[in-house]
Every structure is written in C-alpha cells, then in structure tokens.
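Asks: here is my input; please provide its structure:
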Amino acid sequence: MIIFDNHFHVDPFKGLFLEAVKQFHRAGGTHLNVIYKTAHDYGFAGVKAEDFIKAMDFHLELVKKINKESPVKAFAVVGVHPAEFVYLAEKKGLEYAKNEVMKALEYAQKLCFERKAIAIGEIGRPHYEVSEEIWEASIELMKYGMSLAKEADCAVQLHTESFNEKKFRELGQIVREVGIRPYKVVKHYSPPLIKVAEEEGVFPSILASKKTLMEALMQGSRFLMETDYIDDRRRPGAVLGPKTVPKRTLAFLQQGLMNEDTAYKIHVENPKKVYGIDLEE
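Replies: Here you go, the predicted structure:
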C-alpha cells in the first residue's frame with residue numbers, strides 16, 4: 001500500500017536523518033516530500049542568495065541519499081523559509097533581503113524546471129509578529145514564488161500564520177490574482193477546512209493527528225497528510241513523529257474510519273494531481 005507524507009524535514013546534523021526515514025518505512029510509509037529546512041540548519045550563513053542556493057543543492061543531496069540508502073522514495077521541495085527572509089531583512093535591510101530571496105526563489109524554480117525538485121516551498125509569511133513592512137514584503141515574495149511556480153507548472157507549499165476561514169478567503173484572492181492553477185497551491189499545516197480550501201483554490205495539507213484527520217474526512221478526501229516532522233533530537237516527535245502518517249492511516253483503515261478508496265485518493269491520486277508524480281510507477 002502506498003502511504004505518502006507530504007511535509008517531512010530531515011537534518012543530518014541535529015536529527016536522526018536516515019533513521020527517521022527508516023522509522024517511517026517500518027511503520028508502513030513508502031513516499032515522502034522532503035522539505036528544505038533553512039540555510040542555517042544546513043550549515044550556511046543565510047545572508048545572500050548564494051547561501052540559499054548552496055543550501056538547496058545540499059538539500060538535493062540529502063534527498064538523493066534517502067533514495068539511495070533507504071527503501072523510501074523521496075521527492076525534494078526547495079525554497080526560502082519566510083523566517084529566513086525576516087532574519088535577513090532585520091540584519092541587512094528590506095530591499096537587500098528581498099532581492100537576495102527573489103534570486104534564490106528563481107533558482108528553486110530552475111530546479112523545478114529540471115525536475116530535480118517537484119515544488120517551491122516552504123515559502124510564505126512568518127507565523128509570528130513582525131513589522132508591517134516585513135509582513136507586506138513577505139506577501140510580495142509569496143506572490144513572486146507562486147508566479148514562478150505558475151511558470152514552471154509546479155506546486156508551491158505555503159508556510160503561514162495560523163489559518164481560519166477568513167485567512168483562506170484572503171489567500172484565495174491571492175491565488176486568483178496570481179492566476180496559478182487552484183490545486184497547485186498547498187497550504188502546509190492546514191486546519192481541516194477542506195470545503196473552504198476547495199472553494200478558494202487551495203490544497204490543504206493537514207497534520208495527521210487523530211482529531212484533525214477525523215474532521216477532515218467528514219468533509220471529503222481533497223487533502224494531503226503530513227507530520228511536519230522537524231528531525232531535531234532535542235525535540236523528538238516534533239511536530240509529529242516520523243511514523244505518524246502511516247500509523248494513523250493504517251489505524252483508521254483498521255477501525256473503519258477510512259476506506260481503501262479514500263486512502264488511495266489521499267495518498268496516490270492527490271499527490272499525482274498536485275505534484276504530477278505517479279507513486280505507482
């Protein structure tokens with residue numbers, strides 16, 4: 001059975017790296033979207049476009065290693081985390097930071113054109129309070145990343161503040177303004193507002209907690225599942241542990257809370273629609 005975790009980080013320095021991937025596999029997981037962390041996490045300064053570019057290349061090497069040294073099929077997602085932009089803007093000034101991040105996002109697009117990565121992300125808005133000018137610039141960069149994804153016909157994974165219906169409506173306006181295909185915008189760490197997300201042309205990626213999954217399933221199967229596993233030994237199991245998506249899926253199937261058709265839609269059909277990847281190959 002195919003089981004896909006849509007948002008999974010690895011860290012060869014602070015985390016379990018391949019061991020976390022193997023835990024995912026032993027629990028029944030088969031496919032992973034491995035999301036770029038930050039240049040700092042990968043040992044780069046994060047003060048110019050070149051640092052982010054090197055960090056993305058480093059990330060691709062990690063994904064290659066997973067594919068070579070584990071039974072799991074991994075895909076790379078590359079971008080510049082909004083927190084990296086905030087850090088850079090506070091350190092070097094807004095215009096400088098914007099220019100460097102835009103250059104880095106253009107490189108992320110190039111990797112998607114070359115199919116070395118399948119999406120641009122995670123990009124978006126900081127989840128904590130920042131000055132109004134940094135907030136506005138973050139939205140500008142998010143739109144720029146989405147327009148690059150539109151050109152490359154790839155998906156974009158968004159990191160944002162906590163979401164509710166109102167925020168989905170706002171994001172829907174941006175999706176329409178940019179003109180990106182509705183199922184190509186993935187809201188990572190999404191609340192289970194499945195119907196609202198669909199109305200606004202956003203594809204929700206929900207945390208695989210029992211409560212969230214139950215709520216999502218009551219509204220349909222147009223969503224992806226994720227752990228947002230951060231792979232940090234100091235915070236084991238944060239946000240959710242590496243085994244959660246396969247364990248939760250299999251438990252829900254066993255308990256009759258999800259049927260096989262729904263599991264197939266979530267883990268095979270939805271990733272194919274969003275990312276253009278055929279997990280049955």
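Asks: CA only for contacts and neighbour counts going forward, please
Replies: Will do.
Asks: make sure residue 187 is indeed in a helix.
Replies: No: looking at residue 187 with DSSP: H, G, I helix; E, B strand; the rest coil, it is strand, so not inside a helix.
Asks: list the contacts of it.
Replies: Applying CA atoms under 8 Å, 6 or more residues apart in numbering to residue 187 gives the contacts 157, 158, 159, 202, 203, 204, 205.
Asks: could you redo the last one with a cut-off of 6 Å?
Replies: 158, 204, 205 (CA atoms under 6 Å, 6 or more residues apart in numbering).
Asks: go on, residue 154?
Replies: residue 119.
Asks: cutoff 8 Å now
Replies: By CA under 8 Å, 6+ apart, the contact set of residue 154 is 112, 118, 119, 120, 184, 275.
Asks: over to residue 228?
Replies: Counting by CA under 8 Å, 6+ apart, residue 228 makes contact with 7, 8, 9, 189, 207, 238, 239, 240.
Asks: what values do phi and psi take at it?
Replies: phi 50, psi 40 (degrees, to the nearest 10).
Asks: and the one 3 residues further on, by the same measure?
Replies: Listed backbone geometry of residue 231 is phi 60, psi 60, with angles given as degrees, to the nearest 10.
Asks: that one: what's it in contact with?
Replies: Contacts of residue 231 by CA under 8 Å, 6+ apart are 9, 10, 11, 14, 15, 16, 17, 20, 237, 238.
Asks: how many neighbours does the closest residue to it other than its chain neighbours have?
Replies: Using CA to CA, 6 or more residues apart in numbering and skipping the chain neighbours, the partner closest in space to residue 231 is residue 15 (4.6 Å). Residues within reach of residue 15, counting by other CA atoms under 10 Å, total 18.
Asks: residue 15 touches residue 229, doesn't it?
Replies: No: between residue 15 and residue 229 there is no contact under CA atoms under 8 Å: 10.4 Å.
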